[in-house]
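# What follows is a predicted structure for the sequence shown.
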Amino acid sequence: LSEKLQSTFDRLAGKGQLTEKDVDIAMREVKIALLEADVNFKVVRDFVKRVKEKAIGAEVLKSLTPAQVVVKIVHDELIDLLGEAGRLDLSGPPPTVIMLVGLQGSGKTTTAGKLANWLRKQGHRPMLVAADTYRPAAVKQLEVLGEQLGIPVHSEGTEPPPPDIAERGVREAKHKAYDVVIIDTAGRLQIDEALMQELEEIKARVNPREILLVADAMTGQEAVNVADTFHKRIGLTGVIFTKVDGDARGGAALSIRAVTGVPIKFLGVGEKLDALEPFHPDRLASRILGMGDVLTLIEKAEQTIDTSKAEKLEKRLRQGEFDLEDFLEQLQQLKKLGPFTQLLELIPGMSGLKNALPADVTERELKKIEAIINSMTREERRNPRIINGSRKRRIAAGSGTTVQDVNELLKQFRMMQKMIKQLSGKGGKRRMRLPFDLP
Ligand code: GDP
Ligand code: MG
């Protein structure tokens, strides 16, 4: 996806002026990229039309190449389409009520726990309410989550009507001075009338400030229909996309926002209770365009690695200084950070590496990379250009690999280094946000 786009934009970069034909060609590739990212075709059609109008009419500023103008318009329009960064509305007299709705298995209960955990980190005192009486295990599931997190759960088993449970839950929270109440509701495999009525009734009784649809990103276009239906019936204030870790394409997020106008507020990026991220439209835009996401990586790294290391990394990334030692250090840090393939997605140039490897050998491949770099001298790591044929043979022998492996690694490194240079360039952070920073 990104390679195709990149090469199109590379071609454009060589031109002095942007003709209508250039824009057409570029837009054809953008269209394909979006469709491959599973964006609704009507959304794609409108999007491409809008960008084309802007691109052809746009003045090419002296400081920018025509290609940069197209890229900038595509990126800005994507961000525009994705809407504002996700924020919860917690205004009004406490307790603020957040109601989670969605189909069965979309991740409501898990997300209730994640959200409570996230809110507590923000200094709130959240309480959970188990209002899913449809599946007997659901109440227990939420109780267990609450216990794990040390967050109180209001539950009454599966006998009382859910609207009653919700109402008493909110009352209890008020009584005990909890400031946010998260209500976990029932789902169905498909939308049905009984469920909609139940949700409407809960809404009427507890007056939620936020009604968030929890939608499974893996279901792609189906998620768009679900969101549309829920929104028309219940009125949504936001969407939380789950299992984004399994589907990095993000096209459904773009479509939901375009079709319903409902903002995306959070992304669920794993099964663990801290795998919840506030939504950043610019990041998803970059991710959809296939560039990886340096900022998310840095943010994640800062949480797990000590800050000074992360700062150093960020600085070096920005300055475009990136040698094999950084490469190795980064890989080692990444190993600490959890599911490796998920993180590869986030580093420019590395998603290609991931795709080049079958998923199950990725860890092993990493060991090999480590072994190769460890067999290099300090000088070779700092300045890989000096690695000639005889050095390659020595490194291969020392690491138990082949010259071909060494070549492959150097190729990957150079690719990554090049992309990082393009990303960092002159303008620092602002420029880093551009998905394609062309000369
Ligand atoms: P509910 O029926 O809507 O309440 O869904 P659950 O919360 O029970 O979640 C259904 C399944 O999805 C569980 O196995 C969760 O662990 C899993 N799940 C939820 N959110 C995520 C996520 O962001 N990423 C991944 N990989 N799995 C998730
Ligand atoms: Mg549930």
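On my side now, so go ahead. Ligands and ions are numbered 1, 2, ... in the order given.

# so where's this structure shaky on pLDDT?
1-18, 22, 57-72, 247-250, 287-320, 330-363, 419-439 (pLDDT under 70).

# how does it divide into domains?
Annotated domains of the chain cover 2-82, 96-281, 294-432 [automatic domain parsing].

# what about those domains, which gets the closest to ligand 2?
domain 96-281 (3.3 Å; Cβ to the ion). No exception for glycine: its C-beta is placed from N, CA and C like everyone else's.

# circling back to that earlier point, now the domains of the chain as JSON lines including distance to ligand 2?
Listed next are those as JSON lines, based on distance: least, Cβ to the ion, whole Å:
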{"stretch": "domain 2-82", "distance to ligand 2": "25"}
{"stretch": "domain 96-281", "distance to ligand 2": "3"}
{"stretch": "domain 294-432", "distance to ligand 2": "23"}
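
# Would you point to the one among these that's packed deepest?
domain 96-281 (a mean of 20; mean count of other Cβ atoms under 10 Å).

# touching ligand 1 at all, that one?
Yes. On the criterion Cβ under 6 Å from any ligand atom, domain 96-281 is in touch with ligand 1 at 102, 104-110, 187, 214, 242-243, 245-246, 268-271, 275.

# Check which helix or strand residue 266 maps to.
Remark: residue 266 resides in strand 264-268, with elements defined by DSSP states H and E.

# and residue 201, what does it touch?
162-163 (Cβ atoms under 8 Å, 6 or more residues apart in numbering).

# and it, that's in a helix?
Yes. Assigned with DSSP: H, G, I helix; E, B strand; the rest coil, residue 201 falls within a helix.

# Can you read off the backbone torsions of residue 55?
Main-chain dihedrals, residue 55, degrees, to the nearest 10: phi -70, psi -40.

# what's the answer for residue 129, then?
With angles defined as degrees, to the nearest 10, residue 129 sits at phi -130, psi 130.

# Could you give the bridge partners of it?
For residue 129, the beta-bridge partners are residue 154, residue 183 (DSSP bridges).

# Test my guess that it contacts residue 163.
No. With contact defined as Cβ atoms under 8 Å, residue 129 does not reach residue 163; the gap is 11.2 Å.

# Can you work out which residues contact both of those two?
Contacts common to residue 129 and residue 163, judged by Cβ under 8 Å, 6+ apart, are absent.

# OK, now which residue of the chain is nearest to ligand 1?
At 2.7 Å from ligand 1, residue 268 is the closest residue in the chain, using Cβ to the nearest ligand atom.

# So that residue is in contact with residue 239, correct?
No. Shown here, residue 268 and residue 239 do not form a contact pair, counting by Cβ under 8 Å, at 11.0 Å.

# joint contacts of these two?
residue 214.

# Now for residue 206: which residues touch it?
Here residue 206 is in contact with 97, 99, 163, 166-167, 170, 181, 183 (criterion: Cβ under 8 Å, 6+ apart).

# Just the strands from the chain, written as ranges.
For the chain, the strands defined by DSSP state E occupy 96-101, 126-131, 153-154, 180-185, 210-216, 238-242, 264-268, 276-278.

# will you turn those into TSV that also has distance to residue 256?
Converted to TSV, the strands of the chain look like this (distance: least, Cβ to Cβ, whole Å):
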stretch	distance to residue 256
strand 96-101	14
strand 126-131	24
strand 153-154	29
strand 180-185	19
strand 210-216	7
strand 238-242	6
strand 264-268	7
strand 276-278	17
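
# Figure out which of the ones you listed is closest to residue 386.
Comparing these against residue 386 with Cβ to Cβ, the closest turns out to be strand 276-278 (41.0 Å).
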